[in-house]
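S.K.: Kindly return the folded structure for what I paste below:
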Amino acid sequence: MADEAKKDAPQAADGQPRKKKGLPKVAVIVIVVSVVEGGLFFGAMKMFGGGPQVAHGEPSGENVLHGEDPHKSESAEAVEIQLVDKFRAPNNKSGTLFMYDVDVYVKVPKSKKEVVEKVVADRKGELSDRIARIVRGNDAAVMSEPDLKTLRTQIRNVVGELTDDPEAVLEVLIPRCVPLRAE
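M.R.: Reported below is the predicted structural model:
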């Protein structure tokens, strides 16, 4: 039987049996299944995808690209309210004691002006304490940001909590934030 198996197997010139060339059956099956699956997926997407839809503007037919700028009217009807003036708070997070001299204003819509002014007047001490905690708790990197974005966000959140309206403040303005080295 062994002689018959050797006769049936093709042999190379050196007497060793030849190895089959080409892809094995499993690889061919995997490739064919992948191509068929991809084709079916593509066909299903084309059939059930629906294609691009038409987008319509306002029902009145006006062009939405022209008209009043909604942000312009919002900022035009905003008022500034002073939270703290010439306020000083210490910070020694960097290892050196600094006194930060800050002025803080908030820009609020006219509709919320009275609410914010009432909170600022009635809770001046609490507001000053919360701002002082923020300044004392921030790292030197936060206090030296070029736009003071983190500080602005923290103060905006505090005013939002005190007024029970997180949208009460449009923008926090910090015209002065001067670090004074305390020796």
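S.K.: Residue 146: neighbouring residues, count only.
M.R.: By the measure other CB atoms under 10 Å, the count of residues near residue 146 is 5. (Glycine included, C-beta is placed from N, CA and C.)
S.K.: Low-confidence stretches in the chain?
M.R.: Scanning the chain with the threshold set as pLDDT under 70 gives 1-22, 56-76.
S.K.: go again using 90 as the cut-off
M.R.: Under the criterion pLDDT under 90, the flagged ranges of the chain are 1-24, 46-78, 85-87, 91-96, 111-112, 140-144, 163-168, 177-178, 180-183.
S.K.: Tell me where it has strands.
M.R.: 78-91, 98-109, 171-181 (DSSP state E).
S.K.: any idea how far residue 137 is from residue 87?
M.R.: 15 Å (CB to CB, to the nearest Å).
S.K.: Also residue 32?
M.R.: Computed as CB to CB, the residue 32 to residue 87 distance reads 75 Å.
S.K.: out of the strands of the chain, which comes closest to residue 146?
M.R.: In terms of CB to CB, the element of the strands of the chain nearest to residue 146 is strand 171-181, at 11.0 Å.
S.K.: didn't residue 159 look like it was pressed against residue 83?
M.R.: Yes. With contact taken as CB atoms under 8 Å, residue 159 and residue 83 are classed as touching, separated by 7.3 Å.
S.K.: joint contacts of these two?
M.R.: Taking CB atoms under 8 Å, 6 or more residues apart in numbering as the contact rule, residue 159 and residue 83 both touch 106, 127.
S.K.: related to what we said a few turns ago, which one of residue 32 and residue 87 has more residues nearby?
M.R.: Neighbour tally, residue 32 and residue 87, criterion other CB under 10 Å: the higher count belongs to residue 87, 17 against 10.
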